[in-house]
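S.K.: Predicted model follows, preceded by the sequence.
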Amino acid sequence: MREERSGRAAEDVDSVLGALADPTRRLLLDLLAEQGTATATTLAERLPVSRQAVVKHLAVLDAAGLVSGSRVGREVRYALRPAALDAAARWMAALAADWDRRLANIKRVAESAEQASRSHRTD
């Protein structure tokens, strides 16, 4: 687990989780998933924030690798990039699996202690 969180991979996951911490950015991801690609102007029409705020949020999402922007004429069209989200999901799954193993060990120790206690009482 510790190896997965070292170096660039840890920075990538940290960046993704930081970007996802904001509800407006999560909503932007939802909108892009729904629409495929969209401009900041189109996205701002569906949100209670300004176009400039949307552009700033998209810059954070872009830096985290969650979206990419490509120029089409005078517009920048944004699209989802799921690879960064996949990497964060893999890290979370590994963390969950590690906790599951730890909890299983605790349960096994507790059950062994309970059996030993019962056995000791019947002797």
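M.R.: Done, it's in.
S.K.: name the helices or strands packed onto the longest helix along the chain?
M.R.: In the chain, with assignment by DSSP state H, the single longest helix is helix 82-122. Helices and strands touching helix 82-122, by 3 or more CB pairs under 8 Å, 6 or more residues apart in numbering; DSSP states H and E, are helix 7-20. All C-beta spots, glycine's among them, are computed from the backbone N, C-alpha and C.
S.K.: List the buried residues of the helix it packs on.
M.R.: When burial is assessed from 16 or more other CB atoms under 10 Å, helix 7-20 yields the following buried residues: 12, 13, 15, 16, 19, 20.
S.K.: Just the residues contacting that helix, thanks.
M.R.: Contact partners of helix 7-20, identified using CB atoms under 8 Å, 6 or more residues apart in numbering, comprise 4-5, 25-26, 29, 60-61, 63-66, 84-85, 87-88, 91.
S.K.: can I get the buried residues of helix 7-20 in CSV with distance to residue 56?
M.R.: Conversion of the buried residues of helix 7-20 to CSV gives the following (distance: CB to CB, whole Å):
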residue, distance to residue 56
12, 21
13, 22
15, 16
16, 17
19, 12
20, 16
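S.K.: For residue 70, state which of the residues you listed is nearest.
M.R.: Within the set of the buried residues of helix 7-20, residue 19 lies nearest residue 70; the separation is 19.2 Å, counting by CB to CB.
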